[in-house]
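In: generate coordinates for the sequence data below:
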Amino acid sequence: MNPHATPANLQSLARLVALRQDEVAQLGISQAQKEALRQRYRNNLSRMAALCAGSGSSGALPPALAMNCANYKHGVLVTMAQHQQELALHEADMAVSQRKLQQLTRQCEVLDHSFRQRRSAWQLEQQRGEQKRQDDMATQVWLQGRA
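Out: Alright, predicted model coming up:
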């Protein structure tokens, strides 16, 4: 009997495959959440750009209102710059997570392939053993009939 293809080993390998598949699923969910956050960053940046553009020119306003408008635009631009920096960091984190997800998916596929091969080998071995047992029984019956 193949030492790598025992029911206990197959069960352990099946559990490992299931755990890896769960881990891949969790990373996939995490990646989807990160994509949603990236989209929120982008939407916020476009809204802030629209706010900045919609506040109008401060040159035609009285000095106090012009100063207020300029401060508002400056505040929005500073916030946009922070959001853009946070978005860049977030996208870098997403890239790392995506590579990890791809690597884990490949490992999971390799484990699953190995499991399927070992299970097939074990099943074939079981079938051969059963066939041998039946052949031995048939031989004994035949020999008894001859005697």
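In: centre of the chain to stretch 117-128, how far?
Out: Using CA atoms, centre = their mean, to the nearest Å, the mean C-alpha position of stretch 117-128 is found 32 Å from that of the whole chain.
In: in the chain, which residue is most central in space?
Out: Nearest to the centroid of the C-alpha atoms of the chain, with distances taken as CA atoms, centre = their mean, sits G28, at 3.1 Å.
In: that one is in what secondary structure piece?
Out: Under the criterion of DSSP states H and E, G28 resides in helix 7-54.
In: tilt between whichever helix or strand comes after that helix and helix 7-54?
Out: Next along the chain after helix 7-54, taking DSSP H and E as the criterion, comes helix 63-146. Compare the direction of helix 63-146 with that of helix 7-54 by axes from the mean of the first three to the mean of the last three CA atoms, to 10 degrees and you get 160 degrees.
In: how many other residues sit next to A32?
Out: Other residues near A32 number 10, with proximity taken as other CB atoms under 10 Å. Any C-beta I mention is one placed from the backbone N, CA and C, and that applies to glycine too.
In: from Q98, how far off is it?
Out: Using CB to CB, to the nearest Å, we find A32 at a distance of 11 Å from Q98.
In: mind listing what the spatially closest residue to S30 that is not a sequence neighbour touches?
Out: Nearest residue to S30, sequence neighbours excluded (CB to CB, 6 or more residues apart in numbering): S97, at 6.6 Å. Residues touching S97, when contacts are defined by CB atoms under 8 Å, 6 or more residues apart in numbering, comprise L27, S30, Q31, K34.
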